[in-house]
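Undergrad: I need the structure of the sequence given here:
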Amino acid sequence: MPVSAPLTGRRLPPFYCPIESLVHPRADRIERRAIAWLDASGIFANDVDRAWNIASHATEFSCRVAPHGEEEPLFLFAIWNHWMFALDDVRLDTGSPAARHLDIVDLGFRMTRCVEAPRSGMLGTGPVAAALDDLVARTRALTTPVQFQRLAEA
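TA: Here you go, the predicted model:
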């Protein structure tokens, strides 16, 4: 994936890193699938929110974390990341800082319950909650019971 120009007009100077920068060879395909999932989920209130989410490069991040990973788990990781960024924008980027802290704690408990008990309604009934239910179902299908339990407990 090409590196986009920085929004600030400045580039950071290069720095030494002994680890070669790799990205999964199917990153473009995974990104197309992730965007299709996002669009189908209906989680964005408008095109601006959608554009900001895609501009987060959550799929590229995911594909750099596991450049040799299997495509399905990597796709799942990418859509989890996109969903979390969307959730942050919708639920946590509004209100006073004090209210946001309380919202983060409350949201954490609600999300944990949604992972433990899909369709529990702890996030309401809107598209964000439905997308989480889909993520949980996909994760449960792709992981072992022990792996899923570790996720739920984490």
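
Undergrad: Phe77: neighbour count?
TA: Burial of Phe77, expressed as a neighbour count using other CB atoms under 10 Å, amounts to 21. C-betas here are computed from N, CA, C, even on glycine.

Undergrad: buried set for whatever helix or strand it lives in?
TA: Element membership for Phe77 (DSSP states H and E) is helix 71-87. Residues 74-83, 85-87 are the ones in helix 71-87 that count as buried (16 or more other CB atoms under 10 Å).

Undergrad: what helices or strands is it leaning on?
TA: helix 27-41, helix 47-55, helix 58-65, helix 127-142 (3 or more CB pairs under 8 Å, 6 or more residues apart in numbering; DSSP states H and E).

Undergrad: and the second one with helix 71-87, angle?
TA: Yep, that's helix 47-55 we're talking about. Put simply, helix 47-55 runs at 140 degrees to helix 71-87, going by axes from the mean of the first three to the mean of the last three CA atoms, to 10 degrees.
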